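[1] pasting the sequence and the predicted model now:
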Amino acid sequence: MPKITYISHNGKKNTVEVATGLSVMEGAIQNNIEGIDADCGGSMACATCHVYVPENWFNKIEKAHEAEQDMIDMAYEPKKNSRLSCQITVSNELDGLEVITPIKQT
Amino acid sequence: MIKTDAIVIGAGPTGLFAVHQLGIIGLQSEVIDNLDRAGGQCIELYPDKPIYDIPGIPECTGEELTNGLLKQIKPFKTNFHLGQRVEEIKEENKSWIVKTNTGTLFSAPNIIIAGGVGSFEPRKLSLKDSEKFEGKQIFYSVTNKNLFKNKSISIFGGGDSALDWALELSKSNKVTLIHRRNEFRGAAHTLSEIKKKEKEGKIIVKTPYNLKSIEGDKTMTGIEIEHEDGKLEKIKSDYILSFFGLIMKLGPIADWGLNISNKTIPVDTKSFQTNKEGIFATGDICTYPGKLKLILSGFHEAALAARACFKRARPNETYRFEFTTASKSIHDRLGLKSD
């Protein structure tokens, strides 16, 4: 199973195995990762599963669609490398992916 | 004090269907919701997005589903207390006393919490300094636009609320519209109006910029914004309007003595009762092994919770299960003419 590393805003790393096909958000919820709220459950309606993706990974992930960008507008302190983790699907290609959770979601 | 059989907290699909299920078994209810209209997440988060998994309805929008449910509960003439948030709950002589933030008092033997992920509140600016100016110079909605006459206003956000207010307030103010990226999302007509006003110099558009700091001690005098590439810029501002949509907060529910795990309320799946007798939780806010956060699960949960309310509402009567197709008393409650 691909390994995904969730890095908290203060640098604490948490690496877990997430089944392919699940979203990076679901991987966080199933493993009780702090810093991802996912209030709407993955319907891209709340921007509380917001993460920053380091540059080396950002371009390897399929680009965000317009609707996701619209939702990221609402996120807490969005940056250029912001993504909604519910829209990143875990695959073997993303084995080793690192995402950084923001200081808070709301 | 409003007396009823069950108080339904939350007017989303689950809360509305709870009213229906209470109504057909002959129980009265009163609905309280923090929003100013019924529909909950369906109406706030995805009014126009189609839903494809309501049994028997191949496709409907959040708004259509809400309207259908409102029509379905019309015969019960239920009172809605909108724009109110339940603040306190206490027990008195086997009844629950409920008080809202506007002071409305209710008394009922049962409460059904259908509160979704909590109540909707505007998403606030992330700067700590913003708190001290909130309600004075920083606003998350506009209730009195006359306040802003001949002032410098900085508007944050990229959606319709931000764009519409930028246009409206540019008529008599100096408006700067600030957004984190170059693209705005809004109706095509609105976007072209903004472009026009920008050309005329009536609105200054700053993208891609974020708010960096707020200047001023007792009174806000201006703000500093940061370009995506790190460049800083100061803007004189008498007011900030910020439109970053709504977030959901559990709020006072957390203080009612209910067991809460992971922002949800554990329930017994026989009745959807919480750890407090007579308080039930249904829909997204409840949790149990196998819980699915689907509208259809909320409907099932509401049906069972409503029946469980019967015992405390009518202690001297026996609940009888009946079908809506065949029951004369249900037909009476629905106001159908007997044939």
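    Nice, I can see it.
[2] run through the helices of chain A in chain order.
    Remark: helices assigned in chain A by DSSP state H are A:24-30, A:55-58, A:66-72.
[3] and chain A, which residues reach chain B?
    Within chain A, the residues that sit near chain B (CB under 8 Å from any CB of the partner chain) are A:39-41, A:43, A:45-48, A:66, A:69-70, A:73-74, A:76-78, A:80, A:106. (C-beta placed from N, C-alpha, C; glycine too.)
[4] by contact count, what packs against the helix or strand of chain A with the lowest mean pLDDT?
    In chain A, no helix or strand scores lower on mean pLDDT, DSSP states H and E than helix A:66-72, which sits at a mean of 92. Counting by 3 or more CB pairs under 8 Å, 6 or more residues apart in numbering or on different chains; DSSP states H and E, the packing neighbours recorded for helix A:66-72 are strand A:82-84.
[5] partners of the strand it packs on in the sheet?
    strand A:50-52 (antiparallel) (DSSP bridges).
[6] sorry, back to before: for the least confident helix or strand of chain A, buried residues please.
    Going by neighbour count (16 or more other CB atoms under 10 Å in any protein chain shown), the buried part of helix A:66-72 is A:Glu68, A:Gln69, A:Asp70, A:Met71, A:Ile72.
[7] show me how far it is from its chain's centre.
    14 Å (CA atoms, centre = their mean, to the nearest Å).
[8] using CSV, write out every CA atom in that helix.
    Taking C-alpha atoms only, helix A:66-72 is exported to CSV below (Å, rounded to 0.1, in the frame of the first residue of the first chain):
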residue,chain,number,x,y,z
GLU,A,66,-12.0,25.0,-11.2
ALA,A,67,-14.5,23.9,-8.6
GLU,A,68,-11.7,22.9,-6.3
GLN,A,69,-10.0,26.2,-6.8
ASP,A,70,-13.2,28.0,-6.0
MET,A,71,-13.5,26.1,-2.8
ILE,A,72,-9.8,26.7,-1.9
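[9] and for the closest residue to chain A within the stretch 1-150 of chain B, the neighbour number?
    Here the residue of the stretch 1-150 of chain B nearest chain A is B:Leu45; by CB to the nearest CB that distance is 4.0 Å. B:Leu45 has 22 neighbours, counted by other CB atoms under 10 Å in any protein chain shown.
[10] any part of the longest helix along chain B near chain A?
    Secondary structure of chain B per DSSP H: the longest helix is helix B:295-313. No - applying CB under 8 Å from any CB, one finds helix B:295-313 out of contact with chain A, separated by at least 11.3 Å.
[11] buried sites along the next helix or strand after that helix?
    Sequence order places helix B:328-333 as the next helix or strand after helix B:295-313, per DSSP states H and E. Neighbour-count burial for helix B:328-333 flags B:Ile330, B:His331, B:Arg333 (criterion: 16+ other CB under 10 Å).
[12] within reach of chain A, which of these are there?
    Within the buried residues of helix B:328-333, nothing lies near chain A by CB under 8 Å from any CB.
[13] tabulate these (JSON lines), appending pLDDT and distance to B:Asn210.
    Shown next, in JSON lines, are the buried residues of helix B:328-333 (pLDDT from 0 to 100; distance: CB to CB, whole Å):
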{"residue": "B:Ile330", "pLDDT": "96", "distance to B:Asn210": "57"}
{"residue": "B:His331", "pLDDT": "96", "distance to B:Asn210": "60"}
{"residue": "B:Arg333", "pLDDT": "96", "distance to B:Asn210": "55"}
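[14] tell me how far the residue lying closest to A:Val90 once chain neighbours are set aside lies from A:Cys46.
    Leaving aside its chain neighbours, A:Val90 sits nearest to A:Val18 (4.7 Å; criterion: CB to CB, 6 or more residues apart in numbering or on different chains). According to CB to CB, to the nearest Å, A:Val18 stands 21 Å off from A:Cys46.
[15] these two - which one has more neighbours?
    Regarding A:Val18 and A:Cys46, a neighbour count based on other CB under 10 Å identifies A:Cys46 as having more, with 28 against 22.
[16] which residue is the nearest non-sequential neighbour of the more buried one?
    A:Cys40 is the one closest to A:Cys46 (CB to CB, 6+ apart), at 3.9 Å.
[17] give me the number of neighbouring residues for that neighbour.
    22.
[18] B:Gly118 is in contact with that one, correct?
    No - using CB atoms under 8 Å, A:Cys40 is not in contact with B:Gly118; the gap is 11.8 Å.
[19] who touches both of these two?
    By CB atoms under 8 Å, 6 or more residues apart in numbering or on different chains, A:Cys40 and B:Gly118 have no common neighbours.
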